[in-house]
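S.K.: Let's see this in three dimensions:
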Amino acid sequence: MRRRKPPAAQPPVPFSPGAARAHRAALGLTPEQVAEGMAAHGVRLLPVHVLAWENGELRPDEAEFIALARALWCPAVVLMDTRPVRLRDHRIARELGQAAVADRTGTALDAYRQAELTGHWDGDEEQTRALAEALGLGLPELVEATGRREALDHLLRQCVAGRWQPHLRALARLVPAPADTLAAALTALHQEHHVPTHWGATTRAAPPPTADSLTPRFWHLLTTGPTGGTA
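M.R.: Now for the predicted structure:
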């Protein structure tokens, strides 16, 4: 009988000991006062834990991290040692629990937990738009956090290689922007990579674009409009 693999563990919360130490010092608080402030937010621990975090000996868990940010009167994202990338980290940066995000997006709690664990979001267009609103994400951040970057890269290459119209609906599921805005960006993107010939056909103006150039250009066109980024 096969033994089931244990569920993958989440990586530690991205935490900056130096930022925590600097914020405490700027407020003139002692480790004891920070511990008291955290207790007011439901997390009870000893002052030595605060010092251990600041020295890099220990790392706070999710609940401890959020309580620490509140005790230090600063946004949680300020105490992170890197910008949020994963869905879980964006949620913690907004100081939200999993149940709150699941409720705001209209998804089952188990489904949302699985999305954080796997890094892949399966919500529909409306749920994805609600997710972006709940976590304060721009569209590029949203695609990255939901594990859809590879799918977007592939879809954009298809849009440039042939007709983009059949792919519009699939693109809207990945990028919850208005259909006319997506259509305008795809039209410009397609035109930039094809030129008309004297026979009325089309030929590629340059070698097939890579995702490294195509996807950033798509975001630029989506943000500024077709006339905003062409020289």
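
S.K.: Show me the shaky parts of this structure.
M.R.: The model of the chain has pLDDT under 70 over residues 1-9, 195-212, 226-231.

S.K.: try 80
M.R.: For the chain, applying pLDDT under 80 flags the ranges 1-11, 194-212, 225-231.

S.K.: Could you list which residues are in contact with residue 41?
M.R.: Listed by CB atoms under 8 Å, 6 or more residues apart in numbering, the contact set of residue 41 reads 66-67, 70-71. Bear in mind the C-beta positions are built from the backbone N, C-alpha and C, glycine included.

S.K.: what are the ranges of the strands in this structure?
M.R.: Remark: strands assigned in the chain by DSSP state E are 194-196, 202-204.

S.K.: For the residue positioned nearest the centre of the chain, which residues are in contact?
M.R.: Nearest to the geometric centre of the chain sits residue 145, at 3.2 Å (CA atoms, centre = their mean). By CB under 8 Å, 6+ apart, residue 145 lies in contact with 84-87, 90, 121, 135, 137.

S.K.: Report the buried residues of stretch 169-182.
M.R.: 171-172, 174-177, 182 (16 or more other CB atoms under 10 Å).

S.K.: what do you get for stretch 217-228?
M.R.: Buried positions in stretch 217-228, judged by neighbour count with 16+ other CB under 10 Å: 217-222, 226.

S.K.: Run through who's touching it.
M.R.: Counting by CB under 8 Å, 6+ apart, 139-140, 152, 156, 175, 177, 181-182, 184-189, 192, 209, 229 sit against stretch 217-228.

S.K.: Just the buried subset of those, please.
M.R.: 139-140, 152, 156, 175, 177, 182, 184-186, 188-189, 192, 209.

S.K.: Okay, helices next: where are they in the chain?
M.R.: Ranges of helices within the chain are 17-27, 31-39, 47-54, 62-71, 87-93, 98-105, 109-118, 125-135, 139-145, 149-161, 168-174, 179-192, 211-224, based on DSSP state H.

S.K.: ranking these by burial, who's on top?
M.R.: For those, the largest average neighbour count (mean count of other CB atoms under 10 Å) is found in helix 87-93, namely a mean of 24.

S.K.: measure residue 16 to residue 81 for me?
M.R.: With the distance defined as CB to CB, to the nearest Å, residue 16 ends up 4 Å from residue 81.

S.K.: whoops, residue 93 was the one
M.R.: Distance from residue 93 to residue 81, by CB to CB: 12 Å.

S.K.: Turn the contacts of residue 41 into a markdown table, columns for distance to residue 115.
M.R.: Formatted as a markdown table, the contacts of residue 41 follow (distance: CB to CB, whole Å):
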| residue | distance to residue 115 |
| --- | --- |
| 66 | 20 |
| 67 | 24 |
| 70 | 26 |
| 71 | 29 |
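
S.K.: Over to stretch 156-170 now: how far is its first residue from its last?
M.R.: Using CA to CA, to the nearest Å, one end of stretch 156-170 lies 11 Å from the other.

S.K.: ok, now stretch 15-33?
M.R.: Distance between the two ends of stretch 15-33: 20 Å, counting by CA to CA.

S.K.: Now find how far off-centre that stretch is within its chain.
M.R.: Relative to its chain's centre, stretch 15-33 lies at 27 Å (CA atoms, centre = their mean, to the nearest Å).

S.K.: so residue 159 sits right up against residue 186, yeah?
M.R.: Yes. Contact status for residue 159 versus residue 186: in contact at 5.4 Å, counting by CB atoms under 8 Å.
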